[in-house]
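**Q** can't give you the sequence, but here's the structure:
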């Protein structure tokens, strides 16, 4: 006699377990995205505040830049951590959602704001910080290699000494297009070092150190 | 996430979970019957045949164990020397008139021929055979004979264990035997789906004689006879309490040769009995598809691992190594990010491991093996031996396609 009941129950168990797998993945992706969202909101206000402070200093006083630099350093570090989490979220999501791309755009905007603040501080306060605009695309092997090299630079010098601004070349973002045009970026990976030198190739750490005088 | 790879993984895991669920449900529904063998209503006469070809190392032990079998009636023991060139003949003759001796001058190259010679001479109502490298425990025949109370039972097998596993390969096969030979076979009997009689088995002589004995054109006669019994409408039973021990290949070359012979035998016999597939029995609806899909899964799994390594892992590794080189060998890059991001692959892996662990636990319990002392072997079985099955399947299919000669 065929044990139909056994086969039906087994099929149900299989369906429930596989569905739980998808639910599990969805839950953790959503949870991570929601945390990133919260972090970005708090970073947004922190950067806005620093920008306002910068404006205040340049317009009204000769006060010390140290306070703003502290805030800039800490924001830079937090954004770096958020970026790492965003990368991991993208790698672990089955199909990144619209919400994910919104977060990525928000993060890019914050990074560009931070870069502008840093640029201003270099001019107004002579802050000793180097900047790298890093144009990449997530599917290119060269970009992944460059990513490891830049990771190594960050681990060595810290986000307060070298600000690396990740700009996903494939992301539909107006500011990325403007920056790409301004610095003649046509392919990825491309590094723009201290706003004056564009290198469209995989650049080694010793070369970066030499060009940035690290 | 690599979606095509995820899809293949989903298919494999779904099939594994489904088969695992069928096995576990069957186990829990029948757990009280697992160790209970039916009491024999009577003790039928028994003939045991032992075919031997160049078995000087094991034949004495095999015959001695058969002669020591605890059974109320005298057992007819027929030993067939199949053209051995070593001391096998001399050892067999040393048992004198305790056994019946058939001496073939030339090796037949196939076990069915000496078995059929013994079958023709046999007088027992039950005909059993024991391979020369196998030996049966004294209580085993008494334990398994009760299954023949049921007239629909055509054959009964003892549980098979690995004898004295010494090297790593033998120890891993011990895990395989207690998981797939003891546990899985017992479960298969509840689904009336046991379809092979390897190493040692007992049959109703009249069924064997009526259906033409063992197939003399088949290197996997143990499989063919199982399928034939099914086809004739009889069941194959298995007693967990009846024990037999066998010697397993001690090197990869012999093991590969053995497994290719088994898998090619399975392919050949399933082709011969293809009409059994999808017939409305547990055997046709579950066991045969599982055997076919199981083989396919092994191949897919093997190719999947290969593909992952070639196209995914190797690319990631190369990019990392390039980055490592271009960062001036920055050792800090070797320290992994300790944050764990739970995802579906992890979930499926944990699920897979969990099902495997339940299987190991129940198999260990059923075969009275200490699984905690064998953890290392179990891990090797899971991660190294299982992909090897895929390689064997692949080689078997290639040999079948190109029509390579079948050898023992």
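**A** Cool, the structure landed. Keep in mind it's a predicted model, so treat the numbers as computed, not measured.

**Q** touching, residue A:159 and residue A:77? I think so.
**A** Yes - Residue A:159 lies in contact with residue A:77 (CB atoms under 8 Å); the separation is 4.8 Å. (Each C-beta comes from the backbone N, C-alpha and C, glycine too.)

**Q** neighbour-wise, which of those two wins?
**A** Using other CB atoms under 10 Å in any protein chain shown as the criterion, residue A:159 and residue A:77 rank with residue A:159 on top: 21 against 14.

**Q** so who does the closest residue to the more buried one other than its chain neighbours touch?
**A** Leaving aside its sequence neighbours, residue A:159 sits nearest to residue A:76 (CB to CB, 6 or more residues apart in numbering or on different chains; 4.2 Å). Residues in contact with residue A:76 (CB atoms under 8 Å, 6 or more residues apart in numbering or on different chains) are A:114, A:118, A:159, A:160, A:163.

**Q** what's the following helix or strand after the helix or strand harbouring the last one?
**A** Residue A:163 is part of strand A:162-168 when elements are defined by DSSP states H and E. Past strand A:162-168, heading to the C-terminal end, the next element that is a helix or strand (DSSP H and E) is helix A:174-182.

**Q** quick check: next helix or strand after that following helix?
**A** Sequence-wise, the next helix or strand beyond helix A:174-182 is strand A:190-193, with elements assigned using DSSP H and E.

**Q** can you point me to the longest helix in the chain?
**A** This is for chain A. Secondary structure of chain A read by DSSP state H shows that its longest helix is helix A:4-60.

**Q** the chain in question should be chain B.
**A** With secondary structure taken from DSSP H, chain B has its longest helix at helix B:3-30.

**Q** before we move on, the earlier item: next secondary structure element downstream of the longest helix of chain A?
**A** Taking DSSP H and E, what comes next after helix A:4-60 is helix A:66-92.

**Q** how about the helix or strand that comes right after that following helix: buried residues?
**A** For helix A:66-92, the following helix or strand on the C-terminal side (DSSP H and E) is helix A:98-125. Using 16 or more other CB atoms under 10 Å in any protein chain shown as the test for burial, helix A:98-125 gives A:100, A:103-115, A:117-122, A:125.

**Q** avg pLDDT for helix A:98-125?
**A** The average pLDDT for helix A:98-125 rounds to 85.

**Q** does it reach chain B?
**A** No - using CB under 8 Å from any CB of the partner chain, helix A:98-125 never reaches chain B; the gap is at least 12.3 Å.

**Q** determine the set of other helices and strands touching that helix.
**A** helix A:4-60, helix A:66-92, strand A:130-136, strand A:162-168, helix A:174-182 (3 or more CB pairs under 8 Å, 6 or more residues apart in numbering or on different chains; DSSP states H and E).

**Q** tell me how far the ends of stretch B:93-109 are from each other?
**A** From its first residue to its last, stretch B:93-109 covers 22 Å (CA to CA, to the nearest Å).

**Q** residues in contact with it?
**A** B:53, B:60, B:63, B:67, B:76-84, B:89, B:92, B:113-114, B:117-118, B:121, B:408.

**Q** among the residues you listed, which lie within helices?
**A** Counting by DSSP H, the part of the contacts of stretch B:93-109 found in helices is B:60, B:63, B:67, B:89, B:92, B:113, B:114, B:117, B:118, B:121.

**Q** how about the spatially most central residue of chain A, what does it touch?
**A** What sits nearest the mean C-alpha location of chain A, by CA atoms, centre = their mean, is residue A:83, with 3.7 Å. Listed by CB under 8 Å, 6+ apart, the contact set of residue A:83 reads A:107, A:111, A:166.

**Q** then residue B:146?
**A** If you count contacts by CB under 8 Å, 6+ apart, residue B:146 has them with B:37, B:38, B:39, B:40, B:41.

**Q** quick check: the last one touching residue B:149?
**A** Yes - in terms of CB under 8 Å, residue B:41 counts as a neighbour of residue B:149; the distance is 5.0 Å.

**Q** residue 176: neighbour count?
**A** If you meant another chain, say so; for now it's chain A. 21.

**Q** the chain in question should be chain B.
**A** As a measure of burial, residue B:176 has 16 neighbours, counting by other CB under 10 Å.

**Q** so where does it fall, helix or strand?
**A** Counting by DSSP H and E, residue B:176 is part of helix B:168-176.

**Q** which outside residues touch that helix?
**A** In contact with helix B:168-176 (CB under 8 Å, 6+ apart) are residues B:161-162, B:165, B:248-252, B:255, B:360, B:369, B:374, B:377-378, B:380-381, B:384-385.

**Q** which of these fall in helices?
**A** By the criterion of DSSP H, membership of the contacts of helix B:168-176 in helices covers B:252, B:255, B:360, B:377, B:378, B:380.

**Q** pull the helix or strand with minimum mean pLDDT from chain B.
**A** Here the helix or strand of chain B ranked lowest by mean pLDDT, DSSP states H and E is helix B:288-307, holding a mean of 68.

**Q** and the residue nearest the centre of chain B, how far from residue B:335?
**A** Centroid-nearest residue in chain B: residue B:181, 5.0 Å away (criterion: CA atoms, centre = their mean). Distance from residue B:181 to residue B:335, counting by CB to CB, to the nearest Å: 45 Å.

**Q** list the buried residues of stretch B:324-344.
**A** Using 16+ other CB under 10 Å as the test for burial, stretch B:324-344 gives B:324, B:326, B:327, B:330, B:333, B:342, B:343, B:344.

**Q** low pLDDT regions in the stretch 201-350 of chain B?
**A** The stretch 201-350 of chain B contains residues with pLDDT under 70 at B:291, B:294-306, B:308-309, B:336-340.

**Q** now do the helix holding residue B:176: distance to the chain's middle.
**A** 13 Å (CA atoms, centre = their mean, to the nearest Å).

**Q** quick check: closest non-adjacent residue to the residue of chain B found nearest chain A.
**A** In chain B, the residue that lies nearest chain A is residue B:323 (2.4 Å; CB to the nearest CB). Distances taken as CB to CB, 6+ apart place residue A:148 nearest to residue B:323, at 2.4 Å, with adjacent residues excluded.
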